[in-house]
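In: Based on what follows, work out the 3D shape:
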Amino acid sequence: MDVSPGKAAIKKWELDVSARDLELAERFTIATVSWEVASNVFVRVRFDGYEGIGEVSPDERWGDSPVSTVAELGTVDTQSLGHPFDLERVLELLPASAARCALDIARHDLAARMAGVSVAELLGLGGRPLPWTSVTVPIAEVDAMVDRARRLSDHPCLKLKVGFDGDVDVLAATRSVYGGVIRIDANEGWTADEAIERLRALERLDIELCEQPIPRGRLDDLRRVTEATSIPVFADEDVATASDVAKLAGVVDGVNLKLRKTGGIREALRAISTARALGLDVMLGCDLTSGVSATAEASITSLVDHADIDGPLLLARDPHPGVIYDNGKVTLPPGPGLGVEDGGRD
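Out: All right, here's what the predicted structure looks like:
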């Protein structure tokens, strides 16, 4: 580029967006839906010779799809992205959505790379210990679920998907072969009365917590379930942003936040602070994603009580390895930014 004497070169943003299917290691089933592949969207942002990468797994139950997410990101005027360290700008450009999540992660990766530090260090969280992550046991035949729990006996924490007929018996069988921490996730699969009945039946099995026992939007029923059992109840589908967290005070014991739901790291930090102020426990959850999203999640898990960030472990192959797993122990990769490997263009 030719630059006139006395004038600095204009630094411009570049933004690339692509969708990619990630094959799962095995069919993944919850109370309401099943997946055989994860259809994710990747974003790359470039500025002044630096590049950052972001990822999201859009969820149609939240009004997002890969097609709509790519289209929404296509509306972003790159010249409106502002200063590379103005990480709050993304909140002004897009609503809390899958699209904003991917862009937010990419911008954090870029800024940290420019600063020569990790994303955790950029956020003032460098060196803090991270909680263990649970590993998920999806819904399957009873013997398959119990066998998977047995094979994962060296992991300190499992999360079993429930919300189906016979789930109490499956938990009892699992407890007979697994002595670690068990948390459960009903994914809206029970009615309020079913939730109360089954949670009371599960109290003898030392269950750490239960996520979203009933369909979202029924806060009075959710409060009734919480009050009826000694097992802590966490909202998941009922919570996305900090404003949702505020509505759940006195309704549940904790909240499960995800970067996809908050629209990225910036709002996730607000939601965590709101939960802390209201005395709610916090879990950071995940979707079926590669190391890009998982490493972004791990970068802020030192702020929460519980982690469920095993997304890459559920893939047949992770195209962007990042966060390191060792039987439930989570370690951030070395290097600036997210520190993820680039397994090829998306």
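In: how far away is the spatially most central residue of the chain from residue 296?
Out: Most central residue of the chain, judged by C-alpha distance to the mean C-alpha position with Cα atoms, centre = their mean, is residue 286 at 2.5 Å. Distance of residue 286 to residue 296, computed by Cβ to Cβ, to the nearest Å: 10 Å. Yep, even glycine has a C-beta here, placed from its N, CA and C like the rest.
In: Run through the stretch 101-250 of the chain and note the low-pLDDT ranges.
Out: Residues of the stretch 101-250 of the chain meeting the criterion pLDDT under 70: none.
In: Which parts of it are strands?
Out: Per DSSP state E, counting those that start in this stretch, the stretch 101-250 of the chain carries strands over the ranges 135-137, 157-161, 181-185, 207-211, 233-235.
In: Pipe those strands into a markdown table and attach mean neighbour count per row.
Out: What follows is these, written out as a markdown table (neighbours: other Cβ atoms under 10 Å):
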| stretch | mean neighbour count |
| --- | --- |
| strand 135-137 | 23 |
| strand 157-161 | 23 |
| strand 181-185 | 23 |
| strand 207-211 | 22 |
| strand 233-235 | 26 |
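In: Tell me how many other residues surround the residue lying closest to residue 174 once chain neighbours are set aside.
Out: Counting by Cβ to Cβ, 6 or more residues apart in numbering, residue 174 lies nearest to residue 149, which is 4.6 Å off, once chain neighbours are set aside. By the criterion of other Cβ atoms under 10 Å, residue 149 has 24 neighbours.
In: Okay, buried residues for the helix of greatest length in the chain please.
Out: Identified as the longest helix of the chain according to DSSP state H is helix 98-115. Buried residues in helix 98-115, counting neighbours by 16 or more other Cβ atoms under 10 Å, are found at 98-115.
In: Tell me which of the strands of the stretch 101-250 of the chain approaches residue 55 most closely.
Out: Closest approach to residue 55 among the strands of the stretch 101-250 of the chain (Cβ to Cβ): strand 135-137, 18.6 Å.
In: what pairs with that closest one, and is each one parallel or antiparallel?
Out: Strand partners for strand 135-137, identified by DSSP bridges, are recorded as strand 157-161 (parallel).
In: where do the helices sit along the stretch 201-346 of the chain?
Out: Counting by DSSP state H, counting those that start in this stretch, the stretch 201-346 of the chain has helices at residues 219-228, 242-247, 259-262, 265-277, 291-298.
In: one step back: ok, now which ones touch the residue nearest to residue 174?
Out: Counting by Cβ atoms under 8 Å, 6 or more residues apart in numbering, residue 149 touches 137, 158, 160, 174, 177, 178.
In: quick one: which of those is nearest to residue 219?
Out: The closest of those to residue 219 turns out to be residue 160 (Cβ to Cβ; 25.0 Å).
In: Check whether that closest one really touches residue 148, as I assumed.
Out: No. Counting by Cβ atoms under 8 Å, residue 160 sits too far from residue 148 to count as a contact (9.3 Å).
In: right, so of the strands of the stretch 101-250 of the chain, which gets closest to residue 302?
Out: Of all the strands of the stretch 101-250 of the chain, it is strand 157-161 that lies closest to residue 302, at 16.7 Å by Cβ to Cβ.
In: quick revisit: can I get the contacts of residue 149 in TSV including distance to residue 60?
Out: As requested, these are exported to TSV (distance: Cβ to Cβ, whole Å):
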residue	distance to residue 60
137	24
158	27
160	24
174	30
177	35
178	33
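In: moving C-terminal of the strand ranked longest in the chain, what's the next helix or strand?
Out: The strand of greatest length in the chain, counted in residues with DSSP state E as the criterion, is given as strand 13-29. Once strand 13-29 ends, the next helix or strand along the chain (criterion: DSSP states H and E) is strand 34-47.
In: That following strand pairs with which strands?
Out: Looking at strand 34-47 with DSSP bridges, its partner strands are strand 13-29 (antiparallel), strand 50-56 (antiparallel).
In: Tell me which of the ones you listed sits most buried.
Out: Ranked by mean neighbour count under mean count of other Cβ atoms under 10 Å, the strands paired with strand 34-47 are led by strand 50-56, which reaches a mean of 25.
In: Great, nothing more from me.
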